[in-house]
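Undergrad: What shape does this take:
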Amino acid sequence: MILFEVLRKRGRFGPILERTWKRIGTDIPYPPVTEQNPAQRLIYFGMIAYALVYESALAAGMSTSAAHYLARMQIGKYNLDKASTSVVEGFFSGCETKDEQAYADFFLTRMGTIIKMVESGEGDIDLVMNELAQTFKSPET
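TA: Residues are numbered from 1 along each chain as shown. Prediction:
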């Protein structure tokens, strides 16, 4: 069923993802902690990519299950190491504490806001991207 849903709604999903990536992918602000820690940089990039695909799928009218499926598939296409991929997928797939869940929800909500800004052509995306970078809490590696 998920595959059918993805195939049926990919025509709407693709343009949303492409427009948003075009705006945020060229100059992603990274958290200060990632300057000295390449593993954290990979995890942060993975979190941005996962959240972008997930929220783009939701904006296209897909279910949360289909959105997670697409996000996991996309993360698999990036050159993240296995450990970083596992951390990113685990972060968005199920958090152990309320604080972790609140942060995952915060991250996804902010990415959803960015997508809405891109789609409407209104708002300062850089402010939201900087907020994500400044509030980065690395999932346990």
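Undergrad: low-confidence ranges in the protein?
TA: Filtered on pLDDT under 70, the chain yields the residue ranges 140-141.
Undergrad: Let's check: the centremost residue of it is which one?
TA: By C-alpha atoms, centre = their mean, the chain has its centre lying nearest to Ala51, at 1.6 Å.
Undergrad: State the helix or strand in which the closest residue to that residue other than its chain neighbours lies.
TA: Residue nearest to Ala51 in three dimensions, not counting chain neighbours: Met111, with 3.9 Å by C-beta to C-beta, 6 or more residues apart in numbering. C-beta here means a position set from N, CA and C on the backbone, and glycine is covered the same way. Following DSSP states H and E, one finds Met111 within helix 98-120.
Undergrad: Sort out which residues of the very next helix or strand once past that helix are buried, please.
TA: Sequence-wise, the next helix or strand downstream of helix 98-120 (DSSP H and E) is helix 125-134. Buried residues in helix 125-134, defined by neighbour count with 16 or more other C-beta atoms under 10 Å: Ile125, Val128, Met129, Leu132, Ala133.
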